[in-house]
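Enquirer: Sequence first, then the predicted structure, then my questions.
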Amino acid sequence: MRPKTFLLGLGLLAAAPTTLQAQILGMGVAPHVGTLGLGIDGAVALTGMVAVRGGLNFQPWHPEREISDVDFQLRPPSPSLTAMVDLHPGGGWFRFSGGLVYFGSDPEVDGVLADSVEIGGTMYAPEALGTLEGTLSTRGLSPYVGIGVGHVGSGGGWGFFTDLGVAFHGSPEVDLQVRGPLAGDPDLQADLAREEQEIQDDVENVRVYPVLSLGCTLSVR
């Protein structure tokens, strides 16, 4: 977790409605599901074309992926906070959105080895390595831009909600650790460093987190 940045994110989320509360057209909520996990957004419409929106998401899914010939289980960042301004051209349902996404943790991967595996050019038996763990360190507070459909803060009643955009978390930094009998072996540590560099080269250009959310809106005037 990143506690200081987390508190900053909460402050942004709480401050936006307070500082912009002079003219409120409507309010609403939007439960949704997507690449940030399961979440809910709350919004305040200031005009027919401008709304401020904040959300909280939790990631229940742990997908599996092969990285450098090792099968890993991925733990995406969770929880995450969003703080955005929505611009609705002409007051319609289509919107442009910009703001911040706060990732409460770094993406992590766990590899439980069933067979011998090559680490940094050397073959290791699974019982010697135990568990192979990795962290992809990224920027916690990330700028966000996107488009979407759904006027969360106004319109009255139920509606459709979607977000499509990217959060710019920067280039990940890779860290690998072994939890097993050879964890302190200097030769293994050197091989892990080489393996880290190989993975680093693979993910060097993965500098954005795709955001896709689908759900519904419920707004009141």
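Expert: Thanks, I have the structure now.

Enquirer: only C-alpha atoms for contact and neighbour calcs from this point on.
Expert: Fine.

Enquirer: any low-confidence regions in this protein?
Expert: Counting by pLDDT under 70, the chain contains low-confidence ranges at 1-23, 67-70, 155, 221.

Enquirer: Helices along that one, start to end?
Expert: With DSSP state H as the criterion, the chain has helices at 3-19, 126-129, 186-203.

Enquirer: Could you check the last one and say which residues are buried?
Expert: Translated: helix 186-203. Neighbour counts over helix 186-203 (16 or more other C-alpha atoms under 10 Å) mark 188-189, 191-193, 195-200, 203 as buried.

Enquirer: Same question for the shortest one.
Expert: Of the residues in helix 126-129, those buried by neighbour count under the rule 16+ other C-alpha under 10 Å are 126, 129.

Enquirer: Can you tell me what sits against it?
Expert: Helix 126-129 has contacts (C-alpha atoms under 8 Å, 6 or more residues apart in numbering) with 113-117, 178-183.

Enquirer: Write the PyMOL selection for whichever of those are buried.
Expert: In PyMOL syntax, the buried subset of the contacts of helix 126-129 is picked out as below (16+ other C-alpha under 10 Å):
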select buried, resi 113+117+178+182+183
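
Enquirer: would you turn the contacts of helix 126-129 into CSV with distance to residue 106?
Expert: Converted to CSV, these look like this (distance: C-alpha to C-alpha, whole Å):
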residue, distance to residue 106
113, 22
114, 26
115, 27
116, 28
117, 25
178, 18
179, 19
180, 23
181, 26
182, 26
183, 22
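
Enquirer: Among the contacts of helix 126-129, which lie within strands?
Expert: 117, 178-179 (DSSP state E).

Enquirer: Residue 50: which of these is nearest?
Expert: For the ones in strands among the contacts of helix 126-129, the minimum distance to residue 50 (C-alpha to C-alpha) is 50.0 Å, reached by residue 178.

Enquirer: right, and residue 122 touches residue 189 too?
Expert: No. Residue 122 lies out of contact with residue 189 (C-alpha atoms under 8 Å); the separation is 11.4 Å.

Enquirer: hmm, back to that, could I get the ones in strands among the contacts of helix 126-129 as TSV with distance to residue 168?
Expert: Output for these, formatted as TSV (distance: C-alpha to C-alpha, whole Å):
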residue	distance to residue 168
117	33
178	30
179	32
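
Enquirer: rewinding a little: closest one of the buried residues of helix 186-203 to residue 31?
Expert: Distances from residue 31 to the buried residues of helix 186-203, taken by C-alpha to C-alpha, are shortest for residue 203, at 31.6 Å.

Enquirer: which residues does the closest one contact?
Expert: Neighbour list for residue 203: 171-172 [criterion: C-alpha under 8 Å, 6+ apart].

Enquirer: Distance check, it against residue 28.
Expert: To residue 28, residue 203 is 38 Å away according to C-alpha to C-alpha, to the nearest Å.

Enquirer: likewise residue 141?
Expert: Taking C-alpha to C-alpha as the measure, residue 141 falls 25 Å from residue 28.

Enquirer: sorry, back to before: kindly reformat the buried residues of helix 186-203 as a markdown table containing distance to residue 174.
Expert: A markdown table is the format used below for these (distance: C-alpha to C-alpha, whole Å):
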| residue | distance to residue 174 |
| --- | --- |
| 188 | 16 |
| 189 | 14 |
| 191 | 14 |
| 192 | 11 |
| 193 | 10 |
| 195 | 10 |
| 196 | 6 |
| 197 | 8 |
| 198 | 10 |
| 199 | 7 |
| 200 | 6 |
| 203 | 9 |
